[in-house]
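>>> got a structure for you, letters missing:
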Ligand SMILES: [Zn+2]
């Protein structure tokens, strides 16, 4: 299985990132977004409790898909 990491456009660390709502071409990690100096003036910060739910749902979808692939590979091995 291949895991793809995204690079934060602010700190450069490889973490889960979301598109910054102020600079649309910047991917931002939750650490940089929550410590952003204009967060109190930002109309809709990328990282909010609701955006974390989206990432969790995405992770669940990846898990369901990998479980499905494992089942298919097991079935292939039996045949
Ligand atoms: Zn960052």
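Alright, I've got the coordinates. The shown structure was predicted, so the numbers you read here are calculated from the model rather than taken from an experiment.

>>> pull up the residues of the protein that are close to the ion.
Proximity of the chain to the ion, by Cβ under 5 Å from the ion, involves residues 8, 10, 11, 29, 32. C-beta coordinates here come from the backbone N, C-alpha and C atoms, glycine included.

>>> report pLDDT for the fourth one.
Model confidence at residue 29, expressed as pLDDT, equals 91.

>>> using the three-state scheme, assign the residue lying closest to residue 43 once chain neighbours are set aside.
Of all residues not flanking residue 43 in the chain, residue 21 sits nearest, at 6.8 Å (Cβ to Cβ, 6 or more residues apart in numbering). Classification of residue 21 using DSSP: H, G, I helix; E, B strand; the rest coil returns coil.

>>> contacting residues for residue 21?
42, 43, 44, 45, 46 (Cβ atoms under 8 Å, 6 or more residues apart in numbering).

>>> quick one: pLDDT of it?
Residue 21 is given a pLDDT of 90.

>>> quick check: it vs residue 31, distance?
16 Å (Cβ to Cβ, to the nearest Å).

>>> picking up where we left off before, can you pull the phi/psi pair for the residue nearest to residue 43?
Dihedral angles of residue 21 (phi, psi; degrees, to the nearest 10) stand at phi -80, psi -20.

>>> what about it, distance to the ion?
Distance from residue 21 to the ion, counting by Cβ to the ion, to the nearest Å: 15 Å.

>>> and the most centrally placed residue in the chain, what does it touch?
In the chain, the C-alpha nearest the mean C-alpha coordinate belongs to residue 16, at 3.9 Å (Cα atoms, centre = their mean). Counting by Cβ under 8 Å, 6+ apart, residue 16 touches 6, 29, 30, 55.

>>> just put the residues of the chain next to the ion in TSV and tack on secondary structure and neighbour count.
Formatted as TSV, those follow (DSSP: H, G, I helix; E, B strand; the rest coil; neighbours: other Cβ atoms under 10 Å):
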residue	secondary structure	neighbour count
8	coil	22
10	coil	18
11	coil	12
29	coil	22
32	helix	22
